[in-house]
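Asks: Next come a sequence and a model predicted from it.
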Amino acid sequence: MERHAIYPGSFDPITNGHVDVIERAAQMFDRVTVVIAINSRKTPLFDQSERLEMATAALAHLPTVEVAIHSGLVVDYANDHNASVIIRGLRAVSDFEYEFQIALMNRKIQPTVSTIFLMPHERYTYLNSSIIRELARYDQDLSDFVPGPVAAALRSKFQ
Ligand code: ADP
């Protein structure tokens, strides 16, 4: 059976830290779907179709990775698409508590779907999308932090 994993998140926008996690996941699974989900705790800078476009461009080098938009529960997406694994990234201990709660809640709702945590290269452990949005607002060089198409989209957003 095909091993299909999903990597859900806001990806507002996708960063090199996300791409690092996705590259690791792509080596472990036959197919990986990056799922751009709605996070009710966040007000996004980019709408879902802009996030889809940036992520698709940033992941074009990975033939077994696709990008999708979903507005319901992540476990429902996994179930409907025969994915048995949810990937999440862990940067620091501070991520752990929130991620642990979500993972256990997802397992309670859908026991057949497991969460796997992957750690990015150390150089990305301090990266998050809100810092990137802040740097972009002040016209900082983003080339070490985000893929080229994302840097371009951020520049035009704050022009
Ligand atoms: P959410 O809005 O659900 O927190 P994000 O888009 O912020 O989603 O991130 C999706 C997943 O990627 C989360 O598991 C998050 O911890 C992880 N992540 C975010 N930034 C990085 C990074 N720099 N390195 C590794 N994982 C990351």
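Replies: Alright, I've got the coordinates. Only a predicted model underlies this, so the values are computations on that prediction, with no experimental measurement involved.
Asks: how close does L154 get to V19?
Replies: Using C-beta to C-beta, to the nearest Å, we find L154 at a distance of 15 Å from V19. Where you see a C-beta, it was placed from the backbone N, CA and C, and this is true even at glycine.
Asks: Let me know the helix or strand that T115 is in.
Replies: For T115, the element it lies in under DSSP states H and E is strand 114-118.
Asks: Contacts for the very next helix or strand once past that strand next, please.
Replies: Using DSSP H and E, the helix or strand that follows strand 114-118 towards the C-terminus is helix 129-137. Contact with helix 129-137 is made by 10-13, 15, 45, 142, 145-146, 154-155, 157-158, as judged by C-beta atoms under 8 Å, 6 or more residues apart in numbering.
Asks: for the record, mean pLDDT for helix 129-137?
Replies: Averaging pLDDT along helix 129-137 gives 95.
Asks: same deal with stretch 112-124?
Replies: On average, the pLDDT along stretch 112-124 is 96.
Asks: Mind listing what's buried along that stretch?
Replies: Residues of stretch 112-124 classed as buried under the neighbour-count rule (16 or more other C-beta atoms under 10 Å) are V113, T115, L118, P120, Y124.
Asks: Might one say that the first one is in contact with Y77?
Replies: No: in this structure, V113 sits apart from Y77 without contact. The criterion is C-beta atoms under 8 Å, and the distance is 9.8 Å.
Asks: Give me the common contacts of those two.
Replies: By C-beta under 8 Å, 6+ apart, V113 and Y77 have these common neighbours: A83.
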